[in-house]
Every structure is written in structure tokens, then in C-alpha cells.
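Colleague: A predicted structure for the sequence below; I have some questions about it.
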Amino acid sequence: MSNSIRIRVPGTSANCGAGFDSLGLACSIHNDLELTLLEEERLAIEITGEGAENIPRDGRNIVWKSVQYLLEKAGEKEHFRGAVIRMENNVPLSRGLGSSATAIVSGLKAANVILGSPFNRQKLLQFATKIEGHPDNVAPALFGGFTVSTSSSARVDCFSFMPKLRMKLVVAVPDFSLSTRAARQVLPEKVTMKDAVYNIGRASMLVAALSHGSEQYVRGAFGDALHQPYRAKLIPGMFDVFRAARQAGAMGASLSGAGPCLIAYVSQRRHAEEAVGKAMQEAFQKHAVTAKILTLDLDTRGAHVVR
């Protein structure tokens with residue numbers, strides 16, 4: 001058994017409009033982790049790429065915390081007391097593309113593989129959700145594709161599938177960060193029955209339309225009444241960017257996770273991703289926000305070992 005492994009984990013976009021804390025998808029942008037477990041009590045962390053200067057290189061590091069969580073669950077925490085961790089990050093930090101989920105999943109997955117995979121992916125999902133607090137990012141990071149997740153105090157379930165509608169994901173990445181905590185603090189504790197029904201219908205329609213490849217019904221399924229209206233004040237011009245994306249040919253657009261990234265969903269057969277990206281960028285500029293554009297595909301593999 002080797003004490004070293006390299007893991008690749010996709011970035012993710014959660015909520016997808018109406019599916020607050022339950023829907024998510026994996027994107028073709030990845031973070032890599034190289035983990036070596038040590039028997040001696042020593043921790044060495046190297047970080048390159050996105051957010052490297054802002055990520056702790058000590059016991060506070062979320063990859064290391066996730067590794068320790070897995071070791072404890074496997075009864076190996078006293079055997080492996082240290083690690084060498086090398087992180088290569090492409091996923092922007094604190095932008096709503098699941099950077100924390102990639103860290104959690106990579107740590108759990110890497111430690112699990114080194115130990116001989118005592119836990120299956122379903123169990124890793126339970127662990128990741130326990131650490132993260134909700135499954136909407138960690139589920140697609142683990143499984144890939146488009147995911148629907150449910151959770152309770154006792155169990156987390158995830159259904160992963162590949163939509164029959166082929167899409168490009170056009171992501172506008174603003175030049176400012178937004179913490180998940182700050183984005184959650186603006187949300188109300190209670191919502192009206194009307195708003196709840198609005199979201200249930202659209203989240204259900206989105207899953208059904210993607211499953212059957214219906215562009216017509218996908219177009220009307222990105223509306224939301226539970227979180228985006230409240231978070232709009234944190235992201236200047238958000239609804240104008242959504243509108244610009246649709247006018248340029250996108251099927252719809254939504255806030256990516258807690259933001260501030262905004263993501264537009266473009267049917268691949270329309271070849272409109274370049275026009276959509278330009279329109280989103282220009283709409284942000286009108287609100288004095290500079291944004292770079294990423295054009296991504298749906299990741300199909302989820303977290304996996306890199307040979």
C-alpha cells in the first residue's frame with residue numbers, strides 16, 4: 001500500500017436557481033491534491049494557483065482537517081499523525097464555484113484511497129456533508145454530472161445524472177469575493193407558501209426537462225424566490241446580467257452557489273456561448289464590476305485518482 005496519492009476534484013455550481021441547498025452540477029475546472037500520509041507528527045503544505053496566498057498552511061487547512069476526519073472514522077488517526085499536502089488550485093476562491101467542497105472532497109477521497117477505500121462514495125458523501133453543512137456542492141464534486149440531494153440529521157442521499165440536453169456553462173467571475181456566511185446572513189428564516197411553491201415547481205421542472213432534453217421547459221425553470229432576490233444586493237447588477245445572458249441566447253442564468261459568480265446555461269447546438277459571455281461581461285461593467293468569463297463543460301467523472 002502506497003502512502004501517497006493524487007486526486008482531481010471538479011469545481012461545482014450549487015442551487016441552479018430554484019434548487020436551494022439541493023441541486024448542483026460539476027464543472028470542467030479542477031483542483032488537484034497530492035497527499036502523502038506520514039507516521040510522524042509533521043505537517044507540510046504547499047499551495048499553488050487560485051487563492052494560494054489566502055489559504056492556511058497549518059492545522060486550520062480544510063484539506064488537512066478533512067484528512068484527519070477520515071482517519072479518525074477509519075481508526076487510523078494515531079497511525080498517521082502527519083502529512084505532506086500539495087494543492088494545485090484552478091477553482092477561484094470564495095466565488096461560488098465550490099472551492100471549499102473541492103478541498104473537503106479531495107482530502108476525504110485521498111485519505112480513503114490510501115487506506116484501501118474502506119468507505120464507499122455514499123459514506124464519503126455523509127462525511128463531506130457533515131463537514132460542509134449541506135450537500136449541494138460536495139455531491140457533484142464527488143459524483144460528477146448534475147446532482148439532486150436530500151439530507152436529514154441521519155442520512156444524505158444523492159442522485160447523479162447526465163442531462164440529455166448538451167450545454168455549455170458560461171460563468172462570469174466578478175473581481176470581488178463573497179463568503180458563504182455573509183451570503184447566508186441576508187436570507188430570511190421563514191418564507192411564504194407562495195414562494196415555496198414557486199421554487200418547488202421550478203426545481204422539479206428543471207430536473208425533468210434536463211432528464212428529457214427539453215430546451216423549451218429548461219428555459220422557464222431557473223426562476224427563484226428563496227435566495228437570489230435577497231442576495232442581489234450583494235452583487236451589483238445581478239438581474240441585469242441574467243437578462244443580458246438570456247437576450248444573448250442563454251436558456252437561463254442563476255447565481256452560482258452563494259456567489260458572486262453568475263452562471264448562464266447555453267444549449268450547445270446554438271453556439272452562443274461567446275456572445276453570452278460578452279453580454280454578461282458588458283452588463284457587469286455597467287455596474288462598475290469587472291468580470292472574467294469562463295466557458296466550461298459539465299464534468300462527468302467527479303473526484304477521481306490521477307495516475
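Modeller: Great, that's in hand. Numbering: from 1, shown residues only.
Colleague: I'd like to know how many residues surround Arg307.
Modeller: Burial of Arg307, expressed as a neighbour count using other CB atoms under 10 Å, amounts to 4. Using the backbone N, CA and C atoms, a C-beta is placed for each residue, glycine as well.
Colleague: One more: Gly96?
Modeller: A count of neighbours around Gly96, defined by other CB under 10 Å, yields 29.
Colleague: and what of the one 4 residues further on?
Modeller: Neighbour count for Ser100, taken as other CB under 10 Å: 19.
Colleague: Would you state the helices of the stretch 51-200 of the chain in chain order?
Modeller: Using DSSP state H, counting those that start in this stretch, the helices of the stretch 51-200 of the chain run over 62-73, 99-114, 121-132, 138-143, 180-185, 193-212.
Colleague: Extract the residue ranges of this protein that are flagged as low pLDDT.
Modeller: The model of the chain has pLDDT under 70 over residues 1.
Colleague: what's the domain layout of it?
Modeller: With automatic domain parsing as the criterion, the domains of the chain are listed as 4-162, 167-296.
Colleague: before we move on, the earlier item: which one of the helices of the stretch 51-200 of the chain lies nearest to Leu298?
Modeller: Comparing these against Leu298 with CB to CB, the closest turns out to be helix 138-143 (9.3 Å).
Colleague: Export only the CA atoms of the closest one, formatted as PDB.
Modeller: Included here for helix 138-143 are C-alpha records, laid out as PDB according to Å, rounded to 0.1, in the frame of the first residue of the first chain:
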ATOM      1  CA  VAL A 138     -19.900  18.200  -2.200                       C
ATOM      2  CA  ALA A 139     -22.300  15.900  -4.000                       C
ATOM      3  CA  PRO A 140     -21.400  17.000  -7.600                       C
ATOM      4  CA  ALA A 141     -17.700  17.200  -6.500                       C
ATOM      5  CA  LEU A 142     -17.900  13.600  -5.500                       C
ATOM      6  CA  PHE A 143     -20.200  12.100  -8.200                       C
END
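Colleague: Which residues outside it are in contact with it?
Modeller: Under the contact criterion CB atoms under 8 Å, 6 or more residues apart in numbering, helix 138-143 has outside partners 9-14, 24-26, 98, 101-102, 104-105, 109, 121, 124-125, 128-129, 131-132, 146-147, 149, 156, 158, 160, 299, 302-303.
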